[in-house]
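Q: The following block contains a protein sequence and its predicted model.
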Amino acid sequence: MDSENGGAAPGKLLGIVDEGKLFRHLFETSPNAIVLFDEKGIVRACNVWTEYMTGYPRAEIIGKVFLNLPFFTKEVMAQLALKYQELLSSRSGQLDRPVDVQVMRKNGSPRWVSLLGTTIQIDGRSMMQVIGVDIEARKRLELVLEEENRALKALDELRMQFVTDATHELKTPLTSVDGAIQLLDDNFSALDRDTINSLLKLVRRGSFRLKELIELLLDFSRIEAGHFSLKVAREDLSSVIKNAVRSVSFLAYQRRLRVTVGELPALQVDIDRTRIEQVVANLLTNAFKNTPPGGAIEVTMSFDRDVATVSVKDDGVGLTSNEISKLFTKFGKIDRTDVNAEINVTGSGLGLFISKEVIGKHGGRIWAESGGRMKGSTFSFTLPLGRGDEHALPI
Ligand SMILES: Nc1ncnc2c1ncn2[C@@H]1O[C@H](COP(=O)(O)OP(=O)(O)OP(=O)(O)O)[C@@H](O)[C@H]1O
Ligand SMILES: [Mg+2]
C-alpha cells in the first residue's frame, strides 16, 4: 500500500508528474541556506536563501571553493577546514553537531549562522551538502544572557566580599567591648577610678558602633526588600544639619580636624528628619575619616526657589574618577591601600548607598566632586522645596 510505503516518490504520492520541478521548488523555497559542493570543494549549487543570508549573488558563490567563500572570515575558514576533515573521516557522513559561525554579509554586517554538513551521493558522485540556519536572534539572546550572568557573578563576588568586610567590621568593636568587660570583671577591685572610666568609655564607644553597624545592615536589607520608607514631616533643615554636626563632632576633635559651618538660615522642608540627619552625619564622618589630621571640613547650605543644597567639603585624600564611579553603589567601599596618609579606613561601605536611597526617596539628588588624589572632595545633595508652596519659603 502506498500509505505504508515510505520509499514511494513524494511526487507520485502528491500526483505531481514533474518530480524535478517539485524538488527545485523545495530547494529554492527552503528558509535555510543550502549549498552543495563536490569532491574538489567547488560549489555546484546554492539556493535563494543563501543569497539572502549572505547578501552575495549566486554568481559570486557558484564555482568558488566552499572554504574560500567571501563571506567566511579567516578564523571561520580555519574552523570549517577542521570540521571538513572531521566530516570526511566520520563513518556516518554527518557531523555530530552543527557549527555556529559568524558570516560577514556583503554589506559588512556580521550574522550568526549554524552550519550542518552531510555527505550525500548523487548519481554515484559523492557531494557535500551544507545547510545554514539563521540563528542571529538566538545568538543575541545568548550573548545578553552571558553578559547578565557575568554581571550576576561579579555582584555575587562583591556580596561575598561584603559579608567578609561586614563581619570584620562587627568583630572589631566587639573585641574591644569584650576585652574591656573582661578586664573590669577580673580586676574591678584593683582598678583605679580613671582606668574604670576609660574602660567604660571603650565599652560605650564599641557598643555604639555595633548598634550603628546593625542599623546600617538593617537599612540595607530594607532597601533590598523594597521596604524602605520615610516618615516625612515639616522640619527646619538648618536645625537638622546642626544636630548632625553636633552628633559627630567628637570624631573631628579626636582626629584634630577643624569643622566650620556656613550660614544656616531657617528653612522649612518636608523631610524625614532622622534620615536626613543620618545622611549629613555620614557625609561628615566620611570627610573626617578621609582627611588627615590638621585638615578642614566645611558644611554649607544654600537654596533657591526650587531646591535646598547641602554640601560637605574637605581637603582630604580626594577621589579619582574611577573611585567616584564606585561611590553610592552597593558594597561601594573603596580600597585605599595606595593612599599614604593618616586616614581611617574603617566602615561598612553602606553609608553612601543608603544616603542615595534616602535622598532619592525625598526627590533629591546626591553627588561627589573632587579634583583628584589629595585634592579634597565635596559631597552635595539637594532636597526639593515644593515649588509655589509658601511654607517652603524661609521663615
Ligand atoms: N570625603 C571623602 N573623601 C574620600 N573618600 C571618601 C569620602 N567619602 C567617602 N569616601 C569613600 O567612599 C567609600 C564609601 O563611603 P560610605 O559612607 O558608603 O562607606 P564607609 O564610610 O566606608 O562605611 P559606613 O558609612 O557604612 O560606616 C568610603 O569607604 C571611602 O573610601
Ligand atoms: Mg560612611
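A: Cool, the structure landed. Ligands and ions are numbered 1, 2, ... in the order given.
Q: Mind telling me what element the residue of the stretch 51-200 of the chain found nearest ligand 1 is part of?
A: Residue nearest to ligand 1 within the stretch 51-200 of the chain: Glu169 (7.7 Å; Cβ to the nearest ligand atom). In this view, the C-beta of every residue, glycine as well, is placed from N, C-alpha and C. Using DSSP states H and E, Glu169 falls within helix 136-187.
Q: Ser302 now?
A: Going by DSSP H and E, Ser302 is in strand 296-303.
Q: Same check on Leu217?
A: Per DSSP H and E: helix 193-224 holds Leu217.
Q: chain center to that helix: distance?
A: Centroid separation between helix 193-224 and its chain, computed with Cα atoms, centre = their mean, to the nearest Å, is 32 Å.
Q: and the stretch 151-300 of the chain, which of its residues are near ligand 2?
A: Residues of the stretch 151-300 of the chain found near ligand 2 (Cβ under 5 Å from the ion) are 282, 286.
Q: does stretch 306-319 come close to ligand 1?
A: Yes: applying Cβ under 6 Å from any ligand atom, one finds stretch 306-319 in contact with ligand 1 at 314, 316-317, 319.
Q: quick one on the thing from earlier: quick check: the residue of the stretch 51-200 of the chain closest to ligand 1 touching Leu350?
A: No: using Cβ atoms under 8 Å as the test, Glu169 is too far from Leu350 to be in contact (9.7 Å).
Q: just the angle between the helix holding Leu217 and helix 136-187, please?
A: In terms of direction (axes from the mean of the first three to the mean of the last three Cα atoms, to 10 degrees), helix 193-224 departs from helix 136-187 by 160 degrees.
Q: Report the contact partners of the residue of the stretch 51-200 of the chain closest to ligand 1.
A: Taking Cβ atoms under 8 Å, 6 or more residues apart in numbering, we find Glu169 in contact with 213, 346-348.
Q: let's see 6 Å
A: 213, 348 (Cβ atoms under 6 Å, 6 or more residues apart in numbering).
Q: re earlier: the helix holding Leu217 and ligand 1 in contact?
A: Yes: Helix 193-224 is in contact with ligand 1 by Cβ under 6 Å from any ligand atom, via Leu216.
Q: Which residue, neighbours along the chain excluded, lies closest to Leu264?
A: Of all residues not flanking Leu264 in the chain, Ser238 sits nearest, at 3.7 Å (Cβ to Cβ, 6 or more residues apart in numbering).
Q: now Ala296
A: Arg258 (4.7 Å).
Q: Could you check how many residues crowd around that neighbour?
A: Arg258 is flanked by 12 other residues according to other Cβ atoms under 10 Å.
Q: contacting residues for the residue of the chain at minimum distance from ligand 2?
A: Nearest residue of the chain to ligand 2: Gly351, at 3.0 Å (Cβ to the ion). Gly351 sits next to Asn282 when contact means Cβ under 6 Å, 6+ apart.
Q: can you list the domain ranges for the chain.
A: If you go by automatic domain parsing, the domain ranges for the chain are 31-134, 141-224, 233-392.
Q: Which parts of the stretch 251-395 of the chain are strands?
A: Remark: strands assigned in the stretch 251-395 of the chain by DSSP state E, counting those that start in this stretch are 258-261, 268-271, 296-303, 307-314, 366-370, 377-384.
Q: quick one: least confident helix or strand in this protein?
A: Ranked by mean pLDDT, DSSP states H and E, the helix or strand of the chain with the weakest confidence is helix 10-14, at a mean of 65.
Q: where in the stretch 251-395 of the chain is pLDDT low?
A: Residues of the stretch 251-395 of the chain meeting the criterion pLDDT under 70: 387-395.
Q: and it, which residues reach ligand 1?
A: 282, 286-287, 290, 314, 316-317, 319, 327, 332-334, 336, 347-353, 377.
Q: related to what we said a few turns ago, the residue nearest to Leu264 contacts Ala266, doesn't it?
A: Yes: Ser238 is within contact range of Ala266, at 5.5 Å (criterion: Cβ atoms under 6 Å).
Q: Neighbour count: the two, which is higher?
A: For Ser238 and Ala266, the more surrounded residue by other Cβ under 10 Å is Ser238, and the numbers stand at 20 against 10.
Q: Not counting residues beside it along the chain, what's closest to Glu369?
A: Once flanking residues are discounted, Glu369 sits nearest to Thr378: 4.9 Å by Cβ to Cβ, 6+ apart.
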